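Student: Build me a model:
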Amino acid sequence: MRHPQVLIYEQDGRLTAMLESLVAERGWLLRQPRDWKDFAEALSPGGPSVVVLKVGRHLEFEMTVLDRLGEVYPEAATVVVADTDHAALAGLAWDLGAAYVHILPQPRDWLPEVVAGLMKPHQESRP
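Tutor: Here you go, the predicted model:
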């Protein structure tokens, strides 16, 4: 079985900084894909994965990635993070297969717990 990994797609590094200690503490890999090829290379071998996808800057690309992740890598749990309270965007993210949608006014400090919770079923199934 492959090593658990967290993939973070963002522009500013704030989510990465927030999740680095959790990832290090649990011994997971941290990857920062920049395009679809990077996602595919990281996810193709399989194994437990959580993808954190910050949306809002390049919405068409980000929603396309979310849709393709659900189609090609349905076993990877995807967390969509947005810095806005936008019900239609949240609805679209759910419809495209997000395992969790984190938008305002939810506190950002919930994110590590959400990621750990999504990884937990994978951890429990390991021999």
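
Student: ranges for the strands of this structure?
Tutor: With DSSP state E as the criterion, the chain has strands at 5-9, 29-31, 49-55, 77-82, 100-102.

Student: Redo the ones you listed as TSV? Include mean pLDDT and distance to residue 115.
Tutor: Quick note: C-beta positions are derived from backbone N, CA and C, even for glycine. Listed next are the strands of the chain as TSV, based on pLDDT from 0 to 100; distance: least, C-beta to C-beta, whole Å:
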stretch	mean pLDDT	distance to residue 115
strand 5-9	98	6
strand 29-31	97	11
strand 49-55	96	5
strand 77-82	96	6
strand 100-102	96	9
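
Student: The ones you listed into JSON lines, with extra columns for distance to residue 40?
Tutor: What follows is the strands of the chain, written out as JSON lines (distance: least, C-beta to C-beta, whole Å):
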{"stretch": "strand 5-9", "distance to residue 40": "11"}
{"stretch": "strand 29-31", "distance to residue 40": "12"}
{"stretch": "strand 49-55", "distance to residue 40": "12"}
{"stretch": "strand 77-82", "distance to residue 40": "14"}
{"stretch": "strand 100-102", "distance to residue 40": "22"}
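
Student: Residue 63: what's it in contact with?
Tutor: With contacts defined as C-beta atoms under 8 Å, 6 or more residues apart in numbering, residue 63 is in contact with 55, 92, 93, 96.

Student: helices and strands of this protein: which one has the lowest mean pLDDT?
Tutor: helix 111-124 (a mean of 84; mean pLDDT, DSSP states H and E).

Student: Restrict that helix to CA atoms and write it as CSV.
Tutor: What follows is helix 111-124, C-alpha atoms only, in CSV (Å, rounded to 0.1, in the frame of the first residue of the first chain):
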residue,chain,number,x,y,z
LEU,A,111,-9.2,22.3,8.2
PRO,A,112,-6.6,20.0,9.8
GLU,A,113,-9.3,18.1,11.7
VAL,A,114,-11.3,17.8,8.4
VAL,A,115,-8.2,16.4,6.5
ALA,A,116,-7.4,14.0,9.4
GLY,A,117,-11.0,12.8,9.5
LEU,A,118,-11.0,12.1,5.7
MET,A,119,-7.7,10.2,6.0
LYS,A,120,-8.8,8.2,9.0
PRO,A,121,-10.8,5.5,7.1
HIS,A,122,-7.7,4.8,5.0
GLN,A,123,-5.5,4.6,8.1
GLU,A,124,-7.9,2.1,9.8
